[in-house]
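K.L.:
Build me a structure from this.
(chains A, B, C and D)
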There are 2 protein chains.
Amino acid sequence: MSSAAKPSSPRASPPDPPDPPDSPNPPDPTGSKGAGRRRRLSEQERRSQIISATVATVADLGYNGASLERIAATAELSKGLLSHYFGDKETLMTQTARITLDAVRNGIAATLDLSVPVPDVIRQSIHRVAAVHTTYRAELTALDQIITHLRDADGHPILGLGDYESTYLEQEKLFRRGQQEGSLRAFDTRVMAVTYQGALDAMLGYLRQHPEIDPDTYAHVVADLIIAAVQSRPDS
Amino acid sequence: MSSAAKPSSPRASPPDPPDPPDSPNPPDPTGSKGAGRRRRLSEQERRSQIISATVATVADLGYNGASLERIAATAELSKGLLSHYFGDKETLMTQTARITLDAVRNGIAATLDLSVPVPDVIRQSIHRVAAVHTTYRAELTALDQIITHLRDADGHPILGLGDYESTYLEQEKLFRRGQQEGSLRAFDTRVMAVTYQGALDAMLGYLRQHPEIDPDTYAHVVADLIIAAVQSRPDS
DNA sequence: AATATTATTGGCCGCATGGTCAATAACACC
DNA sequence: GGTGTTATTGACCATGCGGCCAATAATATT
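P.N.:
Take a look at the predicted model:
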């Protein structure tokens, strides 16, 4: 999942002389994962393979750099198949974004223990997100690219931050619980959710740009800041 | 600034028969803003005119939608001039980003009173940034687009968040002052600067998506959150 | 094994874009 | 007013892209 596709040929095969007789890959029939010159596999597998390649390519080369041809090259299959399975590029990108977003969300939410006090849940979340930066680095980059680049015919964004909406709602629920429990002070939960999300995004961006920093250490400091902001305190 | 160029002649002269005999423009020499069919003006004016058009177009149609032709149309001049003054598109975009960034920064920093206690400076800043969302809406959108879309030949980003670096340094200075003054508690100033910046960006994004929200009101709530996070407190 | 089915390919087409250039006309100077 | 300079134009070209389709070969079916 992480590195998606093979780093085989950085340069695609030339258009005119497409290696005429011999096959570019060993004649390995259906058997193992090795690819015959042509492999037929299930729609499920193809789709996820294509999406993986899309994520990898977009993450590496940006939205504009990710032409259908390049994506096909990354996935080691022909451009035509992309059209076959996804119709047009917009659909491909939208699907990729949707599925990837779900995957990342699950990756974060999966190991979260919601039974502890809210400040601890927050701390956990922040560490999880920082970890996700390592695990899903490409996915996050690709998501960002797709969201900011994908536009309708009029040139206006399709996948707004509206997809954050459900995350906001989730966070707000958590915050309200904390306020009822008394572990969190009173504040506007919507604004806090937005700000919190912004803080996490900033963390991800900074970690991306500074690979030398230990995510967990950084996450700890961020958690201290956030918790200081929301924790209920004796005085006001 | 917002709508960039003059609405003089929406349609350029036809290619083959370029209105032969009559003088198409009133004898309006250098003086006022009225446009002849061709106007010659100083390099300064042209450059800023082009950059304005670039900002407007990118903000409206996104990076990909902002072709040289469209930008030229917005500025009401020919595509060739863009190449003439800026060479290639990459240069145009880079210049636009640099200049616009400076403009926005100045717009924020200009009216800031640094003599008050640090928490108050922070509060001021947040309100200023929220205001900037209104004043420089197009500029901010364009900046975001250019930064996230502009890539070198290898497909990797050119204008990373590295341009935040100077902002971070500035913020850190402020935070340290507050810590020395005793108005701010002890925390890692770098992490705080990054988080703070993220919170502001999130605020801008949210305001952009929700025009019905009053920026000042929103800013006030955000300021409360941030200050709660950094303010020195009796216990803890 | 022979045949039918259809996933997969590679090349093609039209279009839009970025960049270039010779022609043109607006301005400055005399 | 005449003349030179050069800012500005509009058309042109090569390129790369997205989408399409007939040919092909890998399976399934008998």
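K.L.:
Can you name the next helix or strand after the helix of greatest length in chain A?
P.N.:
When chain A is parsed with DSSP state H, its longest helix is helix A:43-65. Going down the chain from helix A:43-65, the next helix or strand is helix A:68-75, by DSSP states H and E.
K.L.:
Alpha carbons only: can I get that following helix in PDB?
P.N.:
The C-alpha coordinates for helix A:68-75 follow below in PDB (Å, rounded to 0.1, in the frame of the first residue of the first chain):
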ATOM      1  CA  LEU A  68      -3.100   9.200 -17.600                       C
ATOM      2  CA  GLU A  69      -0.100   7.900 -19.500                       C
ATOM      3  CA  ARG A  70       2.200   8.300 -16.500                       C
ATOM      4  CA  ILE A  71      -0.300   6.700 -14.200                       C
ATOM      5  CA  ALA A  72      -0.600   3.800 -16.600                       C
ATOM      6  CA  ALA A  73       3.100   3.500 -16.800                       C
ATOM      7  CA  THR A  74       3.400   3.400 -13.000                       C
ATOM      8  CA  ALA A  75       0.800   0.600 -12.900                       C
END
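K.L.:
Now do the buried residues in that helix.
P.N.:
Buried residues in helix A:68-75, counted by 16 or more other C-beta atoms under 10 Å in any protein chain shown: A:L68, A:R70, A:I71, A:A72, A:A73, A:T74, A:A75. In this view, the C-beta of every residue, glycine as well, is placed from N, C-alpha and C.
K.L.:
name the helices or strands packed onto it?
P.N.:
Helices and strands touching helix A:68-75, by 3 or more C-beta pairs under 8 Å, 6 or more residues apart in numbering or on different chains; DSSP states H and E, are helix A:43-65, helix A:79-86, helix A:89-109.
K.L.:
do you know which of these lies nearest chain B?
P.N.:
The minimum distance between chain B and those falls on helix A:43-65, with 3.5 Å, by C-beta to the nearest C-beta.
K.L.:
hey, C-alpha coordinates of that closest one in CSV?
P.N.:
Output of helix A:43-65 as CSV, limited to C-alpha atoms (Å, rounded to 0.1, in the frame of the first residue of the first chain):
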residue,chain,number,x,y,z
GLU,A,43,-12.2,-5.9,-11.7
GLN,A,44,-11.6,-5.5,-8.0
GLU,A,45,-7.9,-6.1,-8.3
ARG,A,46,-7.5,-3.8,-11.3
ARG,A,47,-9.4,-1.0,-9.8
SER,A,48,-7.3,-1.0,-6.6
GLN,A,49,-4.1,-1.4,-8.6
ILE,A,50,-5.0,1.6,-10.7
ILE,A,51,-5.9,3.6,-7.7
SER,A,52,-2.6,2.7,-6.0
ALA,A,53,-0.7,3.8,-9.1
THR,A,54,-2.7,7.0,-9.2
VAL,A,55,-1.9,7.8,-5.6
ALA,A,56,1.7,7.1,-6.1
THR,A,57,2.0,9.1,-9.2
VAL,A,58,0.1,12.1,-8.0
ALA,A,59,2.0,12.1,-4.8
ASP,A,60,5.3,12.1,-6.6
LEU,A,61,4.6,14.3,-9.6
GLY,A,62,1.7,16.4,-8.5
TYR,A,63,-1.7,16.5,-10.1
ASN,A,64,-0.5,18.1,-13.4
GLY,A,65,2.4,15.7,-13.6
